[in-house]
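Colleague: the sequence and its predicted three-dimensional model are supplied below.
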Amino acid sequence: MSTYKSIKGESIISVGTDLSSPSNAGQIFYNNTSPGVFKSLVVGEAFSAAANVGTARYSLGVAGTQTAGLMFAGDLFDPPGPSALTEEYNGSGWTSGGNMSTARRSVGGFGTQTAAVVTGGNPGPSVTTATEEYNGSSWTAGGAIGTGRRNIGSAGILTAGLAIGGYTGTAQSTSVEEYDGTSWTAGGAFPSGVSSNSGMGVQTAALSIGGNPGQQSINFIYDGSSWTALNPTNTVRANTQSGGDSTSAVIIGGYAPSVSTATETWDGTNWTTSSATLGTAKTQMGTGPVGSSIASFGASGYTAPGVTANTEEFNKSLNVTIAGAWASGGTIPFSSNSKNGSGTLTAAFVSGGETPPGAVVDDTAEYDGTTWTAGGDINSARADIMAGGTQTAGLIFGGFQNLPDPNFLFEETEEYNGTAWSEVNDMPTGGYSGSGTGTQTAAFACNMYIGSPGERSNVTYEYDGTNWTAGGNTAETTNSRSAVGTLTAGLAVGGRPAPSTFIDETELYDGTSWTAGVDMIVNFQAGGQTSKGTQTDCLIFGSPKSPVNTDAYRTDGTTWFTSPSLGSYQNNGTGTSTAGLAFGVGTGSQEFTGETTALNVKTLTTS
């Protein structure tokens, strides 16, 4: 009788805890805490949702890796037109890069995030020969490609690049050109005219897969001088996203012959259809390579009949990646808009708010990470308060009411001990729709509506647990900002300096004065904030500007990145950038959990 060891050359092993080392991939084991249950570490292929791009488009250029990616150019959808935009990806979110000199779509692109090339494409009614090079911050002119064309297959790096085929405007091209970082020279011609093909690899060992006319399953390899046919793909396709090299590769989505979710992997000999599929069928995510055969992504793209801003990461790994995402939280026991609070995801409070047609409430609710329960009522019913502190040492200040006293601004400050609110010393003036953060003994408020009637301001008030005093003025005179951090390391971002004007400015506070921080990716009427985020690691979300949106953005103190969007609009919140809580509208709340990974341990069965 055969045994597992005689067949596989190794024994089933007994362990006290599940195996966790990559070197144990494929090893069958049983955890002796669960006798008779056999398990194995399994390499799996899967897509996970990631943060949206800043501007949705298709017919892109792409380059780089999954943790240092680049997208550029493209076709905007509404209104349509070529784009000069560049966005950079850090594996978590997207941020703006330098604009290209020439807006264009259907380009060829290759290289890295800090050394990329874009060439050809369609800036208008005709194709272009223009080439530009990216250094990680800006684009400069490179050598013109010999044959102007669009929908070019691309491979290589800045100093050893490859442009394969493309559409000249009248026909698919057989032209292959090589780039040395300065100029293009003719390479070995492709066997037949092709465009919308995907390229990957290096200049002397590159693949060209699929393409037009008519969507194809062709697969050729280039040795630096000539092309040789290899085993074809399993499905005909064009405009796929690619990753990897000539010995190990992946292609994602594309036209096959309709917009596809399919993925295939290449082992150097054959293509295999993967069990991993895109969550959203899409194409024209870029015909250049991104990342490797085990870690790539497809960003934005055409979904027929529209475009998407989503990003999906492909991973082949022992780990299962669960992307950061918002999910429904508990139901708040009272309904109001413009309420606010503070604390952590598992120990938060929320108070006040307004109910149509303008009555204010005095309710408080507390959250334990699962359920909201009623807390002590605040002493002065009001909406649009500012808040700080914790569930057992909370702080609220300012606010307004329309009923029964129209346009009444509150100066009142209240402290919470987890059971009851008590009134303490007032702010210097009434104020609302401002930014507030900090602790019960060290907080600040800035950029409020103050005075009567309310006027936007640049004032800052500081609280020391007993008294309010004037702090440094912000550079911006505005309201509707988000504030995070502490009294001595605070951040305020966005704002609405005029009724229909929104800003992207960030300012940093050291307890005395404000200095300019890095601008956001977009103009943002900040409505939500994680009050316990820090100056260098926070999340803001839920701009109430028209149209109301669910966008979220994260900063590391140096750069702003896109972050997964809320499921539905909320305009205030608390927590951290990896464990956030959103509320403010109605009775709803949402929880944010950052990206996590776990080993792909499979329980074996006889079926």
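Modeller: Alright, I've got the coordinates. Quick caveat, the model's predicted, so the values are computed rather than measured.
Colleague: residue contacts, Asn523?
Modeller: Residues in contact with Asn523 (CB atoms under 8 Å, 6 or more residues apart in numbering) are 494, 502-504. Quick note: C-beta positions are derived from backbone N, CA and C, even for glycine.
Colleague: just for this structure, where's the confidence low?
Modeller: Applying pLDDT under 70 to the chain flags the ranges 1-11, 19-23, 25-26, 36, 452-453, 605-607.
Colleague: could the contacts of Asn523 go into JSON lines alongside neighbour count and distance to Gly64?
Modeller: Formatted as JSON lines, those follow (neighbours: other CB atoms under 10 Å; distance: CB to CB, whole Å):
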{"residue": "Gly494", "neighbour count": "28", "distance to Gly64": "29"}
{"residue": "Phe502", "neighbour count": "20", "distance to Gly64": "31"}
{"residue": "Ile503", "neighbour count": "21", "distance to Gly64": "30"}
{"residue": "Asp504", "neighbour count": "16", "distance to Gly64": "25"}
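Colleague: from those, which two are the most distant?
Modeller: Farthest pair in the contacts of Asn523 (CB to CB) is Phe502 and Asp504. Separation: 7.9 Å.
Colleague: okay, and the common contacts of those two?
Modeller: Counting by CB under 8 Å, 6+ apart, the residues touching both Phe502 and Asp504 are 494, 523-524.
Colleague: from those, pick the one nearest Thr534.
Modeller: Closest approach between the shared contacts of Phe502 and Asp504 and Thr534, by CB to CB: Gly494, at 17.4 Å.
Colleague: distance check, Asp556 against Phe541.
Modeller: From Asp556 across to Phe541, the span is 16 Å (CB to CB, to the nearest Å).
Colleague: neighbour count: the two, which is higher?
Modeller: Neighbours were counted for Asp556 and for Phe541 using other CB atoms under 10 Å; Phe541 has more, 31 against 16.
Colleague: for the more buried one, list each beta-bridge partner.
Modeller: Gly528, Ala552 (DSSP bridges).
Colleague: in stretch 451-458, what counts as buried?
Modeller: For stretch 451-458, the neighbour count (16 or more other CB atoms under 10 Å) marks 454, 456-458 as buried.
Colleague: end-to-end on that stretch?
Modeller: With CA to CA, to the nearest Å as the measure, stretch 451-458 spans 13 Å from end to end.
Colleague: gap between it and the chain center?
Modeller: Taking CA atoms, centre = their mean, to the nearest Å, the mean C-alpha location of stretch 451-458 is offset from the chain mean by 35 Å.
Colleague: next: stretch 55-73.
Modeller: 13 Å.
Colleague: what do you get for stretch 559-578?
Modeller: Here the centre of stretch 559-578 is set off from its chain's centre by 10 Å, with CA atoms, centre = their mean.
Colleague: what's the answer for stretch 506-515, then?
Modeller: With CA atoms, centre = their mean, you get 27 Å for stretch 506-515.
Colleague: other residues contacting it?
Modeller: By CB under 8 Å, 6+ apart, the residues outside stretch 506-515 that reach it are 444, 446, 460, 462, 471-476, 485, 487-493, 516-520, 535, 555, 560.
Colleague: of these, buried ones?
Modeller: 444, 446, 460, 462, 471-472, 474, 476, 485, 487, 490-493, 517-518, 520, 535, 555, 560.
Colleague: filter the residues you listed down to the ones in strands?
Modeller: In this view, the buried ones among the contacts of stretch 506-515 that belong to strands under DSSP state E are 444, 446, 460, 462, 485, 490-493, 555, 560.
Colleague: need those in TSV (columns: distance to Pro191).
Modeller: What follows is those, written out as TSV (distance: CB to CB, whole Å):
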residue	distance to Pro191
Phe444	68
Cys446	66
Thr460	69
Glu462	73
Gly485	60
Gly490	63
Leu491	57
Ala492	60
Val493	55
Thr555	50
Trp560	46
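Colleague: which one of those sits closest to Asp377?
Modeller: The shortest gap between Asp377 and any of those belongs to Phe444, at 25.7 Å (CB to CB).
Colleague: quick check: phi and psi on the most centrally placed residue in the chain?
Modeller: The residue lying closest to the centre of the chain (CA atoms, centre = their mean) is Ala51, at 2.3 Å. With angles defined as degrees, to the nearest 10, Ala51 sits at phi -70, psi 150.
Colleague: how close does it get to Leu158?
Modeller: From Ala51 across to Leu158, the span is 27 Å (CB to CB).
Colleague: before we move on, what about Gly143?
Modeller: Gly143 is 12 Å from Leu158, where distance means CB to CB.
Colleague: shared neighbours of these two, which are they?
Modeller: Common neighbours of Gly143 and Leu158 (CB under 8 Å, 6+ apart) are Tyr179.
Colleague: neighbour-wise, which of those two wins?
Modeller: Taking other CB under 10 Å, Gly143 and Leu158 do not tie; Leu158 has more neighbours (21 against 18).
Colleague: now the more buried one: closest residue in space that isn't a chain neighbour?
Modeller: Ala115 (4.3 Å; CB to CB, 6 or more residues apart in numbering).
Colleague: now the one you found: how far from Asn407?
Modeller: When Ala115 is compared with Asn407 (using CB to CB), they lie 57 Å apart.
Colleague: can you check Ile152 too?
Modeller: 61 Å.
Colleague: beta-bridge partners for the nearest residue to Gly438 once chain neighbours are set aside, please?
Modeller: Counting by CB to CB, 6+ apart, Gly388 is the residue found nearest to Gly438 once chain neighbours are left out, at 4.4 Å. For Gly388, the beta-bridge partners under DSSP bridges are Leu395.
Colleague: and the gap between the closest residue to Asn473 other than its chain neighbours and Asn447?
Modeller: Once flanking residues are discounted, Asn473 sits nearest to Asn458: 4.6 Å by CB to CB, 6+ apart. Here the criterion is CB to CB. By it, Asn458 lies 7 Å from Asn447.
Colleague: same thing with Val236?
Modeller: 57 Å.
Colleague: and the gap between the residue nearest to Leu158 and Thr558?
Modeller: 21 Å.
Colleague: Asn379 now?
Modeller: 42 Å.
Colleague: ok, the two, which is more surrounded?
Modeller: More crowded of Asn379 and Thr558, by other CB under 10 Å: Asn379, with 14 against 9.
Colleague: so Gly111 makes contact with Gly161?
Modeller: Yes. Shown here, Gly111 and Gly161 form a contact pair, counting by CB atoms under 8 Å, at 7.0 Å.
Colleague: how does this structure divide into domains?
Modeller: The chain resolves into domains spanning 12-41, 46-323, 326-585 when parsed by automatic domain parsing.
Colleague: and those as CSV, adding distance to Thr596?
Modeller: Formatted as CSV, the domains of the chain follow (distance: least, CB to CB, whole Å):
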stretch, distance to Thr596
domain 12-41, 15
domain 46-323, 5
domain 326-585, 9
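Colleague: which one of these lies closest to Val601?
Modeller: domain 12-41 (5.4 Å).
Colleague: quick one: which of the shared contacts of Phe502 and Asp504 is nearest to Ile252?
Modeller: Comparing the shared contacts of Phe502 and Asp504 against Ile252 with CB to CB picks out Phe524 as the nearest, at 31.5 Å.
Colleague: tell me the spacing between that closest one and Gly121.
Modeller: Counting by CB to CB - Phe524 and Gly121 are separated by 31 Å.
Colleague: ok, now Gln440?
Modeller: On the measure of CB to CB, Gln440 and Gly121 end up 57 Å apart.
Colleague: compare these two and say which is more crowded by neighbours.
Modeller: Neighbours were counted for Gln440 and for Gly121 using other CB under 10 Å; Gly121 has more, 30 against 19.
Colleague: how many residues are close by Pro564?
Modeller: For Pro564, using other CB under 10 Å, the count is 27.
Colleague: need phi/psi at it.
Modeller: phi -50, psi 140.
Colleague: isn't it right up against Ala51?
Modeller: Yes. Counting by CB under 8 Å, Ala51 is a contact partner of Pro564 at 5.6 Å.
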